[in-house]
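# Here's a sequence, model it:
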Amino acid sequence: RTPHVLPRLRHAAVVVVGQFPGARATRTPTSAAMDLKSMIHEAKSREMGLYAKFQEYDNDGSGFLDEEELSALLVNLRIMEDHGDDRDFIAQQFALQDQNGNGAIDFEEFKAFYNACIDYRKSLSAGRHSPGANEGVERIRGKDAKLLTPEIERAREEKRRQRLEEKAAAAAQLAEENRERRHRLTMARAHGRDAKTLTPEQLESRAALKERKAREKAEMEARLEAENAEMRRRIEAQHARGRDAKELTPEIEEARTKVRRQSLTNKEAMERRLRDENAEQRRRIAAAMSRGRDAKELTAQEEAARADIRRKSLNNKAAMEEALAAENAEMRRRIELAQSRGRDAKELTPEMERGRALVAQRSREEKAAAARRLAEENEAMRVRIAQSMARGRDAKSLDEKTRAARQEVAERRRREKAEAEAQLKKENARLAARLAGTGMFPDVRF
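Below is the predicted model:
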């Protein structure tokens, strides 16, 4: 049986590519009436099934079958049952199927060989190559000739021709598709692209995409050019003002404005707190004096406790005044340091420098005078309170002249304080307006 295996496989391989023995060149009425789409679908389905088989035996995923992988195919298809482990037979079959001589079997070669093996197994199962018990009886396709009438033979022959023609039509359609695909691949390689994805619709969409990308690129370049021009304009404007453009972006400008606003807010909050504390202290003093309490009503323990409280209060007030004085000195130092850092000589003429120095000197003198006046008033008030408590005088003992004088002094002090606060606000506003031109402003947080 061994000498007949190779010719049968080769004959079957020829049948797969479309050269069918006995096939007619013309189409019969039955084949003409067949649905071409169903045949194409069936052919594609068979193609996909064969490719799945090919991948099943392609263990390394290289896209080709070597001799070992071909031997696994022969074993699974039971071709090797009649040959055992005949390596020469495997090598012979591998050399016959490797038609292009590249040392491997590709998918097209695999299709022909696989179909040939399937046909060979079918012929064996039909009994054409199996010796029967009745070897003297002629057998046709595994059946007894006595059961096959001429009509059955003709019907079988007609059916066989129909199947061959259907198979030939599917193979022709598949070959046409392969030729078209190869043509597109050739054209695509010439342009460096894959023709399998370049249908007319895809070509049109690619052209539209390319045009859109070019338009977007042009718009981006124009926008970048406009932004660069605006940046150059800002840099030139800021250089003209004497500042470094790298440090004065819109974000830095906004941050500086926020710092200025926060500084003013903190300053106003501190002033309000000081005003409230002074008002509360004056209210307490006035309430204590209006009660006209008598020292004769106070025991020795109460007098000692009150004296202790007064000492602590005076010490706390002195400490607070010292802390405020230190904070004011530190603030003045920071303002002077910030002004010396953030000013540009090109914007400050000698007249402006002298004006600023005069304003700063006058402000310091006014603040020092106000501090001295406040210290004197506080000291006088402490003396009066001590004398009043020591004497234990009663508010009822104050005559109308004394009350009028006190009222006049209190009114005058309120006017002076209001004027001093208004003057201080004006000076701060002028100083802030001048510092805004340089982009620098002292930040009390640092």
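# Please make it C-alpha for all contacts and neighbour counts, starting now.
Fine.
# And the strands in the stretch 151-300 of the chain, which stretches?
Secondary structure of the stretch 151-300 of the chain (DSSP state E, counting those that start in this stretch): no strands located.
# low-confidence ranges in it?
191-198, 242-248, 291-298 (pLDDT under 70).
# which stretches of it form helices?
Counting by DSSP state H, counting those that start in this stretch, the segments of the stretch 151-300 of the chain that form helices are 200-240, 250-291, 300-342.
# what's the offset of the very next helix or strand once past the last one from the middle of its chain?
Proceeding N to C from helix 300-342, the next assigned helix or strand is helix 350-391, under DSSP states H and E. When distances are taken as C-alpha atoms, centre = their mean, to the nearest Å, helix 350-391 is centred 61 Å away from the chain's centroid.
# what is the orientation angle of helix 350-391 with helix 250-291?
Helix 350-391 runs at 30 degrees relative to helix 250-291, counting by axes from the mean of the first three to the mean of the last three C-alpha atoms, to 10 degrees.
# Tell me which other helices or strands helix 350-391 touches.
Here helix 350-391 touches no other helix or strand, going by 3 or more C-alpha pairs under 8 Å, 6 or more residues apart in numbering; DSSP states H and E.
# following that helix, which helix or strand comes up?
helix 400-436.
# how about that next one: buried residues?
Neighbour-count burial for helix 400-436, counted by 16 or more other C-alpha atoms under 10 Å, picks out 432, 435.
# Likewise for stretch 177-188?
Across stretch 177-188, burial judged by 16+ other C-alpha under 10 Å covers 184-185, 188.
# picking up where we left off before, just send the helices of the stretch 151-300 of the chain back as TSV, with distance to residue 399 and mean neighbour count too.
Output for the helices of the stretch 151-300 of the chain, formatted as TSV (distance: least, C-alpha to C-alpha, whole Å; neighbours: other C-alpha atoms under 10 Å):
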stretch	distance to residue 399	mean neighbour count
helix 200-240	69	12
helix 250-291	13	13
helix 300-342	27	13
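# Any idea which of those gets closest to residue 55?
For residue 55, the closest of the helices of the stretch 151-300 of the chain is helix 200-240, at 29.9 Å, according to C-alpha to C-alpha.
# Report the distance from that closest one to the chain centre.
The answer for helix 200-240 is 22 Å, by C-alpha atoms, centre = their mean.
# Residue numbering should commence at 17 henceforth.
Done: numbering now begins at 17, and the last item shifts to helix 216-256.
# Could you tell me the angle between that helix and helix 266-307?
50 degrees.
# and which of the buried residues of stretch 193-204 is nearest residue 127?
Residue 127 lies nearest to residue 201 out of the buried residues of stretch 193-204, by C-alpha to C-alpha, at 21.4 Å.
# returning to that earlier point: now the helices of the stretch 167-316 of the chain in a markdown table, with distance to residue 138?
As requested, those are exported to a markdown table (distance: least, C-alpha to C-alpha, whole Å):
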| stretch | distance to residue 138 |
| --- | --- |
| helix 216-256 | 45 |
| helix 266-307 | 84 |
| helix 316-358 | 100 |
